[in-house]
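Student: give me a model of this one.
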Amino acid sequence: MTKPAIKQESFEIAEFGWNFIKNLRSGRYTTASLINELVDNSDDAGAKKVWIDFVTKKGESNKILEIVVADNGHGMDFDTLKGSFKIGYDRANRTSKQNGKFGMGGTVGCLSVCKNKLVITRHKTGTWARYYDLDDVKQRNVWGSNHIEVNKEMVETLNSYLGKDNTGTVIILRDLDRITNSNRSQTQLKRDLGLTYCEKLETGLEIFINSKKIAPNDPLHWDNPNTIKLHDQKITGTNIRIRVVSVENLPVGVESKVGRMTRSGGYIFRNDRLIEKSIFKSDRWPSLWDKS
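Tutor: Numbering: from 1, shown residues only. As a prediction, the model looks like this:
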């Protein structure tokens, strides 16, 4: 069948309804992968410091009421903030040195864990705030968000992280109806952030969880003389680097017997950010080494 003739003026814009949003909420994002997406966005905004705070109910340390992610990057102007709530937002000024690519992670990741998201941002052009409420989205049966006026409390929240008049962004996630509340998950998050952003943490980026600074945790033990460096290649024309190591010779104490196997394998970094780890030969990676 030949392609039908279409009148340009007949094009109709389809809106995302509640069933689509509900389906997005059951996606692949965990609390840890969401935090990684937000830290990526902070790093893309030129932040040197990122604060992650888990606000818990008084007397109930496992009951998380809010997750706050703040950074001292350059913030967002009004249009960029509005666009950041769009699913699949394409930033006009995105560069190849930034990890945010598809305009999905920040919004869809938040949908995966919470019903309410408030973003307050201070940019050289002004201070703005935007909000989504899934109860409102469900009632209207269409995806959307609200521009809200910045009040004194929001300014005080910005200042508490950034200092007076400094640029940056604060994201507050509330009504965490799809999050696992456990201190163990926060402990694991600290470890994962140390691994994922190891190279960035060693070159100036600082990340704090509830005021505690995250230490870099090199998954490859690259600078240890006992590490066997099997491969180190920068992919031409990209910001991607592939490294393959064996840490079987690391002494016990530096890495356990199980840890030596877990840490061996291939690692892929994009813009010095770890995106895949411990890769061995498989259908997807046929040219890599066997686990043995």
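Student: quick check, residue 27 in contact with residue 107.
Tutor: No. Contact criterion Cβ atoms under 8 Å: residue 27 and residue 107 do not qualify, at 11.3 Å. C-beta: built from backbone N, CA, C; applies to glycine.
Student: higher neighbour count, those two?
Tutor: residue 107 (21 against 13; other Cβ atoms under 10 Å).
Student: I figured that one hits residue 82, correct?
Tutor: No. Taking contacts as Cβ under 8 Å, residue 107 lies outside contact range of residue 82: 12.0 Å.
Student: where in this protein is pLDDT low?
Tutor: 1-11, 14, 61, 89-105, 180-185, 254, 256-259, 291-292 (pLDDT under 70).
Student: which SSE is the nearest residue to residue 78 once chain neighbours are set aside in?
Tutor: Leaving aside its sequence neighbours, residue 78 sits nearest to residue 128 (Cβ to Cβ, 6 or more residues apart in numbering; 5.3 Å). Secondary structure assigned from DSSP states H and E places residue 128 in strand 126-133.
Student: in stretch 142-160, what counts as buried?
Tutor: Of the residues in stretch 142-160, those with enough neighbours to count as buried (16 or more other Cβ atoms under 10 Å) are 143, 145, 154, 157-158.
Student: nearest residue to the middle of the chain?
Tutor: Nearest to the mean C-alpha position of the chain, counting by Cα atoms, centre = their mean, stands residue 37 at 1.3 Å.
Student: residue 275 versus that one, what's the distance?
Tutor: 12 Å (Cβ to Cβ, to the nearest Å).
Student: within its sheet, name the partner strands of the host helix or strand of residue 50 and how each one runs.
Tutor: Residue 50 belongs to strand 49-57 when assigned by DSSP H and E. Strand 49-57 pairs in its sheet with strand 60-71 (antiparallel), strand 206-209 (parallel), by DSSP bridges.
Student: next, report how far the strand holding residue 128 is displaced from the centre of its chain.
Tutor: Put simply, strand 126-133 sits 19 Å off its chain's centre (Cα atoms, centre = their mean, to the nearest Å).
Student: now for the helix or strand following it, which elements pack on it?
Tutor: Tracing the chain past strand 126-133, the next element assigned as helix or strand by DSSP H and E is helix 134-140. Applying 3 or more Cβ pairs under 8 Å, 6 or more residues apart in numbering; DSSP states H and E, one finds that helix 134-140 contacts helix 18-24.
Student: show me what the helix it packs on is in contact with.
Tutor: 87, 108, 111-112, 134, 137-138, 141-143 (Cβ atoms under 8 Å, 6 or more residues apart in numbering).
Student: in helices, which of the buried residues of stretch 142-160 appear?
Tutor: 154, 157-158 (DSSP state H).
Student: which secondary structure state does the nearest residue to residue 287 once chain neighbours are set aside sit in?
Tutor: The shortest distance from residue 287 to any non-neighbouring residue, by Cβ to Cβ, 6+ apart, is to residue 281 (7.7 Å). Following DSSP: H, G, I helix; E, B strand; the rest coil, we place residue 281 in the coil state.
Student: test my guess that residue 281 contacts residue 266.
Tutor: No. Residue 281 is not in contact with residue 266 according to Cβ under 8 Å; the separation is 9.2 Å.
Student: ok, residue 162 touching residue 72?
Tutor: Yes. Counting by Cβ under 8 Å, residue 162 touches residue 72, with 5.4 Å between them.
Student: shared neighbours, those two?
Tutor: By Cβ under 8 Å, 6+ apart, the residues touching both residue 162 and residue 72 are residue 168.
Student: helices of this structure, start to end?
Tutor: 18-24, 31-44, 78-84, 105-111, 134-140, 152-162, 183-196, 198-201, 257-263.
Student: in the third one, which residues are buried?
Tutor: If I follow you right, that is helix 78-84. Buried, per 16+ other Cβ under 10 Å, within helix 78-84: 80-81, 84.
Student: now do the fifth one
Tutor: Judged by neighbour count using 16+ other Cβ under 10 Å, the buried positions of helix 134-140 are 134, 137.
Student: number of nearby residues for the closest residue to residue 29 other than its chain neighbours?
Tutor: Excluding its sequence neighbours, the residue lying closest to residue 29 (Cβ to Cβ, 6+ apart) is residue 112, at 3.8 Å. By other Cβ under 10 Å, the residues close to residue 112 number 19.
Student: contacting residues around residue 112?
Tutor: Contacts of residue 112 by Cβ under 8 Å, 6+ apart are 24-27, 29-30, 34, 178.
Student: distance check, it against residue 50.
Tutor: For residue 112, the distance to residue 50 equals 20 Å [Cβ to Cβ].
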